[in-house]
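Colleague: only geometry, no sequence info:
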DNA sequence: TTAGTGATATCC
DNA sequence: GATATCACTAAA
């Protein structure tokens, strides 16, 4: 079943680990569908999280994070790679779950390339978008919590948070 | 290990 | 206006 608004209208620390094991579904322009099981996510939570894009407050880029749960946040990293996040929680509290990897694509850049996801999805609603959504097929998996990666600019306390969730 | 790539944030 | 930075990947 397709995940609805209620799923994303929770704290990211509940939603992010819950996303692991779910199916990311992408319907292509020609009508074909790609289904990939999510194997790794990371939580970015609030202005007090020094690893979060919203750490400097609301900017043109981070404004998406302040929206309601279910909004897709896609941004370009290193000029090459699209990274896809899903905003969670209530409006005006910036938090999002970064989808880092799926079963056949081990890296956020590869993931978006495999699914042809780019900036066109930024700001759209994953519970209403006809080309991209997430399904729960009933599979339950073990979750392993780990430290987030690639955030050397964040404070030590934030780097040490176990906000990366992997399929066990 | 290093280069490539371009939007964003921050600094004149 | 400019430039430093960045949640990455592929090639070597």
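Modeller: Thanks, I have it. Since the model is a prediction, treat every value here as computed from it, not as a measurement. Numbers count the residues shown, from 1 in each chain, chains lettered A, B, ... in the order given.

Colleague: go through the top strand by length along chain A and flag the buried ones.
Modeller: Ranked by number of residues, the top strand in chain A under DSSP state E is strand A:33-45. For strand A:33-45, the buried set under the neighbour-count rule, 16 or more other CB atoms under 10 Å, comprises A:36, A:37, A:38, A:39, A:40, A:41, A:42, A:43, A:44, A:45. Yep, even glycine has a C-beta here, placed from its N, CA and C like the rest.

Colleague: contacting DNA strand C as well, which ones from those?
Modeller: With CB under 7 Å from any atom of the strand as the criterion, the buried residues of strand A:33-45 include A:42, A:44 near DNA strand C.

Colleague: the strands in chain A, which residues?
Modeller: Assigned by DSSP E, chain A shows strands spanning A:23-27, A:33-45, A:72-77, A:81-87, A:95-102, A:132-135, A:143-146, A:164-167.

Colleague: hmm, the lowest-mean-pLDDT helix or strand in chain A in reach of DNA strand C?
Modeller: Of all regular secondary-structure elements in chain A, judged by mean pLDDT, DSSP states H and E, the least confident is helix A:156-159 with a mean of 93. No - Helix A:156-159 lies apart from DNA strand C when judged by CB under 7 Å from any atom of the strand; the minimum separation is 10.5 Å.

Colleague: what residues does that helix touch?
Modeller: The set of residues that contact helix A:156-159 without belonging to it, under CB atoms under 8 Å, 6 or more residues apart in numbering, is A:49, A:50, A:51, A:147, A:148, A:151, A:152.

Colleague: now render the residues you listed as JSON lines, adding pLDDT, neighbour count and distance to residue A:62.
Modeller: Shown next, in JSON lines, are those (pLDDT from 0 to 100; neighbours: other CB atoms under 10 Å; distance: CB to CB, whole Å):
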{"residue": "A:49", "pLDDT": "94", "neighbour count": "23", "distance to residue A:62": "12"}
{"residue": "A:50", "pLDDT": "93", "neighbour count": "15", "distance to residue A:62": "13"}
{"residue": "A:51", "pLDDT": "94", "neighbour count": "20", "distance to residue A:62": "13"}
{"residue": "A:147", "pLDDT": "95", "neighbour count": "13", "distance to residue A:62": "23"}
{"residue": "A:148", "pLDDT": "94", "neighbour count": "20", "distance to residue A:62": "17"}
{"residue": "A:151", "pLDDT": "92", "neighbour count": "18", "distance to residue A:62": "15"}
{"residue": "A:152", "pLDDT": "89", "neighbour count": "7", "distance to residue A:62": "19"}
